[in-house]
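Undergrad: Let me see the structure of the following:
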Amino acid sequence: MTNFAEDRDIDMLDYLREQSEFIDSRLESVIPREITKEWVEKALGKSTYDVDMHTLTESLAVPIWDFLDRGGKRWRPVLMLVVAAAIAGTSEAAEPLIPMIEFVHNGTLIHDDLEDDSDIRRGQPCIHRQYGVDIATNVGSAMYFLPLSILYGSDSPYTDAQKLRIYDLVVQELIRCHCGQGIDIAWHNGSRDRITESEYFQMCAYKTGVLARLAARLGAYVSGASEEQIEGLGCLGETLGVGFQIQDDILNLSGERFAEGKGRGEDIHEGKQTLLVWYAREYGDETDAARLAEILAQHPDDQATIDEAIGIIVRSGAMDYARDKARRMVREAWDRVDGLLDASEAKERLKSFAEFLIDRDI
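TA: Residues are numbered from 1 along each chain as shown. From the prediction side, this is the model:
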């Protein structure tokens, strides 16, 4: 018999799949699969000279759609839509902003793969492996800015005041995201031998929490939320982003990230300072902790050494600690926002969605 948790996960997976189809249908509003004169004039303005639209298609649209067509969980725009519905009873006001969240997220993944010199993303060669470092660098950056075209022109559904607030929210989070990524890169390149738990959480809040916070804040704002609701839901979004990262780190070591097409323990190869590593070094056997630090500094390629590091982490109890920590954080964040929302089906959906993100096995 399927237990309650499994029932909830199945329901949420079905819900995510349904919403993903809708989300994907909105992405072409930002950039078509083939660049046209109409798109150039809307997104770039009237050109002074001739635009080589074929080359622009091949160098920008093709790699972007190659990456987007590989799929992904699409959970951040889903979070935005659920938050909007919890505020207004409908997600309609937030729907035009779907590409704002999903394009920026995918741009960070392309840059992340470049910075980590990764080979595989979502079961296929990383964009820089397939199209070259120069194209991938440009495409990743373009994906941060292309969605801003949603705010252009008379056909935008938002007022001038709303456009300014949306722009402000997006820029704030992009700045934070780059700061978090900078810290993470420096850590796994050996800039710090040891980090604290609090430092890890703040790095995650900057790197992974920002887009979930942005999604929640945008969904709340355009749906007419109060400032207290906007910031409370933003804090919930940030916590979900951190909890999602913790669960991602667990799945990376347990070999269950098959959807990403990555090998078991890639975080060990990259030398990443995760909550699991912190706990194992702080509370694990002293000899094990020293060996783990040595392995991380080596950035090993062979699976035997990676599995040795994973064994050290598992023996320390870090996996259970991390799972419990993520659940507690999300539970506390929900308690803070619970009283800000009226009872509704959308509110219950938001709560279930939050629980799913930190208990998932995909």
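Undergrad: What are the buried residues along stretch 234-251?
TA: Neighbour-count burial for stretch 234-251, counted by 16 or more other Cβ atoms under 10 Å, picks out 234-247, 249-251. All C-beta atoms are positioned from the backbone trio N, CA, C, and that covers glycine.
Undergrad: Quick check, residue 250 in contact with residue 274.
TA: No - counting by Cβ atoms under 8 Å, residue 274 is not a contact partner of residue 250; they are 9.1 Å apart.
Undergrad: ok, and what's touching stretch 129-143?
TA: Contact with stretch 129-143 is made by 59-60, 63-64, 66-67, 103-104, 106-108, 110-111, 113-114, 119, 124, 126-128, as judged by Cβ atoms under 8 Å, 6 or more residues apart in numbering.
Undergrad: Just these: which are in strands?
TA: residue 124 (DSSP state E).
Undergrad: Please pick the buried ones from the contacts of stretch 129-143.
TA: 59-60, 63-64, 67, 103-104, 106-108, 110-111, 113-114, 126-128.
Undergrad: hmm, back to that, now, the buried residues of stretch 234-251 that are in strands?
TA: Those of the buried residues of stretch 234-251 lying in strands (DSSP E): none at all.
Undergrad: Cross these against helices and list the overlap.
TA: 234-247, 249-251 (DSSP state H).
Undergrad: residues touching residue 188, list them.
TA: Contacts of residue 188 by Cβ under 8 Å, 6+ apart are 270, 271, 272, 273, 296.
Undergrad: for residue 267, same thing?
TA: 249, 252, 253, 274.
Undergrad: now it: how far from residue 188?
TA: 9 Å (Cβ to Cβ, to the nearest Å).
Undergrad: now swap in residue 124 and tell me
TA: Applying Cβ to Cβ to residue 124 and residue 188 gives a distance of 24 Å.
Undergrad: ranges for the strands of the chain?
TA: 120-121, 124-125.
Undergrad: Turn those strands into JSON lines, columns for distance to residue 347 and mean pLDDT.
TA: As requested, the strands of the chain are exported to JSON lines (distance: least, Cβ to Cβ, whole Å; pLDDT from 0 to 100):
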{"stretch": "strand 120-121", "distance to residue 347": "35", "mean pLDDT": "90"}
{"stretch": "strand 124-125", "distance to residue 347": "38", "mean pLDDT": "95"}
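Undergrad: Just say which of those is most tucked in.
TA: For the strands of the chain, average neighbour numbers computed from mean count of other Cβ atoms under 10 Å are highest in strand 120-121, which has a mean of 19.
Undergrad: Parallel or antiparallel, list what pairs with that strand.
TA: strand 124-125 (antiparallel) (DSSP bridges).
Undergrad: From the chain's centroid, how far away is the strand it pairs with?
TA: 19 Å (Cα atoms, centre = their mean, to the nearest Å).
Undergrad: same deal with stretch 311-322?
TA: 24 Å.
Undergrad: Check stretch 106-124 too.
TA: Distance, centroid of stretch 106-124 to centroid of chain: 13 Å (Cα atoms, centre = their mean).
Undergrad: Put the alpha carbons of it into PDB.
TA: C-alpha atoms of stretch 106-124 as PDB (Å, rounded to 0.1, in the frame of the first residue of the first chain):
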ATOM      1  CA  ASN A 106      19.100  28.000 -17.100                       C
ATOM      2  CA  GLY A 107      21.600  30.800 -17.800                       C
ATOM      3  CA  THR A 108      23.200  30.100 -14.400                       C
ATOM      4  CA  LEU A 109      23.400  26.400 -15.200                       C
ATOM      5  CA  ILE A 110      25.300  27.100 -18.500                       C
ATOM      6  CA  HIS A 111      27.700  29.300 -16.700                       C
ATOM      7  CA  ASP A 112      28.000  26.800 -13.800                       C
ATOM      8  CA  ASP A 113      29.000  24.100 -16.300                       C
ATOM      9  CA  LEU A 114      31.600  26.400 -17.800                       C
ATOM     10  CA  GLU A 115      33.100  27.300 -14.400                       C
ATOM     11  CA  ASP A 116      33.200  23.600 -13.300                       C
ATOM     12  CA  ASP A 117      34.400  22.400 -16.700                       C
ATOM     13  CA  SER A 118      31.600  19.800 -16.700                       C
ATOM     14  CA  ASP A 119      31.000  17.400 -19.500                       C
ATOM     15  CA  ILE A 120      27.300  16.400 -19.100                       C
ATOM     16  CA  ARG A 121      24.100  18.300 -18.300                       C
ATOM     17  CA  ARG A 122      20.700  16.700 -18.500                       C
ATOM     18  CA  GLY A 123      22.100  13.600 -20.200                       C
ATOM     19  CA  GLN A 124      23.800  15.500 -23.100                       C
END
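Undergrad: List the contacts of that stretch.
TA: Outside stretch 106-124, the residues touching it (Cβ under 8 Å, 6+ apart) are 67-68, 70-72, 125-130, 133, 136-137, 139-144, 177, 181, 185, 211, 259-262, 266, 270.
Undergrad: Select only the buried ones of those in PyMOL?
TA: Here is the PyMOL command that selects the buried residues among the contacts of stretch 106-124 (16+ other Cβ under 10 Å):
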select buried, resi 67+68+72+126+127+128+129+136+139+140+142+143+144+177+181+185+211+260+262+266+270
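Undergrad: Just the contacts of stretch 106-124: which are in helices?
TA: Short answer: those in helices (DSSP H) are 67-68, 127-130, 133, 136-137, 139-144, 177, 181, 185, 211, 266.
Undergrad: Would you mind checking which helix or strand in the protein has the lowest mean pLDDT?
TA: helix 4-27 (a mean of 75; mean pLDDT, DSSP states H and E).
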